[in-house]
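Asker: Got a predicted model here, sequence first, then my questions.
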Amino acid sequence: MSDLKERLKRLIASDGAISVADYMAICLFDPESGYYTTSEPFGVSGDFVTAPEISQMFGELIAVWALSAWHQSGKPVPSMLAEIGPGNGTLMADILRTLNQLDPTFVILSRIGMIEASPRLAEKQRQKLGTGKAKPTWFPDVSKLPKVPLILIGNEIFDALPFRQFVKTDSGWRERMVSLDDKGELCFSVGLGGLDENILPASAKTAEESAIFEVAPSREALMDLVAAHIAKHGGAALFADYGHLQSGVGDTFQAMRAHAYDDLFANPGMADLTSHVDFEALAGVARRHGLDVTLSTQAEFLVGMGLLERAGAMGAPLDQQGRQAIQRDVDRLAGADQMGNLFKVMMIAPKGVSLPPFGTMD
Ligand code: SAH
């Protein structure tokens, strides 16, 4: 048994049940045994594979998007091109390589920022990117960024932030907690804390008993910081994550370990814990700052940015096997039954800034 599981049990035995959000925060970010602080999460040998780790095409198309966002913002200087939650640093490496080919002046004129909460992953990113021409600067959070126009990218960052769950009971919505069963094992329980029912979408108001509704104040707080920065200083942001475009009831809490679903309580600190991102809630936060919000599926975004053309160009000089490998990557990134529909892309920018591939809309 992991020492973190033991510590969690002792904590709950002495202080009482903890919220799902606290359980997730401890499992992911405990300084000694947290998942992001200690594990090698990404890639074939890790627990899950993210879009930039599937193919360089993902970063290439995002680079085109970032360059266009900078142009549409009036090519501000100084400005910052930053990534939040960069994991292995693969996405930023692909973005910088592509930008150096497309328009080196953007990389020369922009400052490059990396926002990473895990010191271990920041070190890994430094090894990958620290020696290149771009010389990124690392920041622990968005509030420390310089007060200049910001082009921000984030892939699978929101799903890594803690969220809370509420259960519909016969006495209203109650917070779902993590506590101990009679054998002293971790289990879910229903706490006393309630929910401000004004925030519930219509579909949740008629939900059956034991339905689950998820809220994520820490995700909304991050969006609030980013949107406030862009509303005040200019720029644009793009986030890709798996989730839904409309708020609704449903239990989406999941643990991933070695590319398979894991029991939520079996391996604290050794499995990735996530839940679906509620993009409607995040869009509401950005709109309250007066920003335009564009939402689409990952497939719509990538195909709109030219995924198929790029795949064709990359495949042209290759043999059949090479072309099939590229086709497999396209299917994984944009296939309807793979990441294409489940993953969504959210862009935000001040009103009137026209971002590819859909232009201005809201
Ligand atoms: N973007 C990468 C990794 C996604 S995993 C990829 O697509 O492969 C989530 C990443 O976000 C990790 O690097 C994790 O350490 C980081 N992270 C989690 N919470 C964060 C926070 N509050 N601020 C910045 N980074 C955070």
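Answerer: Alright, I've got the coordinates. Residues are numbered from 1 along each chain as shown.
Asker: contacts, neighbours, all on C-alpha from now
Answerer: Will do.
Asker: Can you name the residues of this protein that neighbour the ligand?
Answerer: Near the ligand, the residues belonging to the chain are 36, 50-52, 84-87, 115-118, 141, 155-157, 160-161 when assessed by C-alpha under 6 Å from any ligand atom.
Asker: So which helix or strand of this protein has the lowest pLDDT on average?
Answerer: Every helix and strand of the chain was ranked by mean pLDDT, DSSP states H and E. The lowest is helix 202-205, at a mean of 87.
Asker: What residues of that helix count as buried?
Answerer: In terms of neighbour count (16 or more other C-alpha atoms under 10 Å), helix 202-205 has its buried residues at Ala204.
Asker: ok, and what's touching the following helix or strand past that helix?
Answerer: Of the helices and strands lying after helix 202-205 in sequence (DSSP states H and E), the nearest is strand 212-215. Defining contact as C-alpha atoms under 8 Å, 6 or more residues apart in numbering, one finds that strand 212-215 is touched by Phe163, Arg164, Gln165, Phe166, Val167, Lys168, Ala204, Gly248, Val249, Gly250, Asp251.
Asker: Likewise for stretch 80-93?
Answerer: Counting by C-alpha under 8 Å, 6+ apart, stretch 80-93 makes contact with 42, 52-53, 56, 58-59, 66, 110-117, 121, 124-125, 128-129, 146, 148-157, all of which sit outside it.
Asker: First residue to last residue on it, what's the distance there?
Answerer: Using C-alpha to C-alpha, to the nearest Å, one end of stretch 80-93 lies 16 Å from the other.
Asker: what does stretch 312-320 give?
Answerer: According to C-alpha to C-alpha, stretch 312-320 extends 12 Å from its N-terminal end residue to its C-terminal end residue.
Asker: And for stretch 183-194?
Answerer: Where stretch 183-194 begins and where it ends lie 28 Å apart, using C-alpha to C-alpha.
Asker: And stretch 199-217, by the same measure?
Answerer: Using C-alpha to C-alpha, first and last residues of stretch 199-217 are 12 Å apart.
Asker: In contact with Leu264, which residues are there?
Answerer: Applying C-alpha under 8 Å, 6+ apart, the residues near Leu264 are Gln254, Ala255, Leu273.
Asker: Likewise for Arg174?
Answerer: Contact criterion C-alpha under 8 Å, 6+ apart gives Phe166, Val167, Lys168, Val190, Gly191, Leu192, Gly193, Gly194, Leu195 as the residues in contact with Arg174.
Asker: And the contacts of Leu264, which of them are buried?
Answerer: Among the contacts of Leu264, the ones that count as buried by 16+ other C-alpha under 10 Å are Ala255, Leu273.
Asker: wait, which of the contacts of Leu264 is closest to Arg97?
Answerer: Nearest to Arg97 among these, counting by C-alpha to C-alpha, is Leu273 at 31.5 Å.
Asker: mind listing what the helix or strand that closest one falls within pairs with, with the direction of each?
Answerer: Using DSSP H and E, the element containing Leu273 is strand 272-274. Note on strand 272-274: by DSSP bridges, its sheet partners are strand 254-257 (antiparallel).
Asker: Name the residues of the helix or strand following the partner strand that are buried.
Answerer: On the C-terminal side of strand 254-257, the nearest following helix or strand under DSSP H and E is strand 260-262. Across strand 260-262, burial judged by 16+ other C-alpha under 10 Å covers Asp262.
Asker: Work out the gap between strand 260-262 and the centre of the chain.
Answerer: The chain centroid and the centroid of strand 260-262 are separated by 19 Å, computed with C-alpha atoms, centre = their mean, to the nearest Å.
Asker: again with stretch 42-55
Answerer: If you compare the mean C-alpha spot of stretch 42-55 with that of the full chain, they lie 14 Å apart, counting by C-alpha atoms, centre = their mean.
Asker: okay, and for this structure, where does confidence drop off?
Answerer: 1-2, 360-362 (pLDDT under 70).
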